[in-house]
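Novice: prediction below, plus the sequence it came from.
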Amino acid sequence: MEKQKLPNALAVLILGILSILTCCCYGIIGLILAVVALILAAKDKKLYVENPELYSNYSNLTTGKILAIIGIVLNVLMILLYVWLYAKLGLEGMQDQQQVEALMRDVMGG
């Protein structure tokens, strides 16, 4: 009997990659993609655990799940960065590139 592919493994992998690539979009888009990837991964893992001999692409699923977790971490960090900038500078200060650069230099010690 030929092994089947898990139905969402490729989608989980693609969503995990996209969640990392979109972390600079204020963190919201990538966070949504990563959460969707984890939900799909949980469904496919349940299928795989029930009948592991039927499926062949479990490694794609685990890779996508790891990428989604990394994406969640990066996106949460970006959201926290934007919240911190908003708290320090306000909306008008965030739009002034020189103020943002000066704040970053002060924080980084340069």
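Specialist: Thanks, I have it. Numbers count the residues shown, from 1 in each chain.
Novice: look through this protein and tell me its longest helix.
Specialist: helix 58-95 (DSSP state H).
Novice: what packs against that one?
Specialist: With contacts taken as 3 or more C-beta pairs under 8 Å, 6 or more residues apart in numbering; DSSP states H and E, helix 58-95 sits against helix 9-21, helix 28-50, helix 97-108. To be clear about C-beta, it is placed using only N, CA and C from the backbone, and glycine gets the same treatment.
Novice: how much space separates M94 from V107?
Specialist: 15 Å (C-beta to C-beta, to the nearest Å).
Novice: what does I29 give?
Specialist: 26 Å.
Novice: more neighbours: which of those two?
Specialist: Taking I29 and V107 together and counting by other C-beta atoms under 10 Å, I29 has the greater number of neighbours (16 against 10).
Novice: quick check: chain neighbours aside, which residue is closest to the more buried one?
Specialist: Leaving aside its chain neighbours, I29 sits nearest to T22 (4.6 Å; criterion: C-beta to C-beta, 6 or more residues apart in numbering).
Novice: that older thread, tabulate the helices and strands packed on helix 58-95 in JSON lines, adding columns for mean pLDDT.
Specialist: As requested, the helices and strands packed on helix 58-95 are arranged in JSON lines below (pLDDT from 0 to 100):
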{"stretch": "helix 9-21", "mean pLDDT": "98"}
{"stretch": "helix 28-50", "mean pLDDT": "97"}
{"stretch": "helix 97-108", "mean pLDDT": "91"}
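Novice: of all the ones you listed, which lies closest to K3?
Specialist: Closest approach to K3 among the helices and strands packed on helix 58-95 (C-beta to C-beta): helix 28-50, 11.1 Å.
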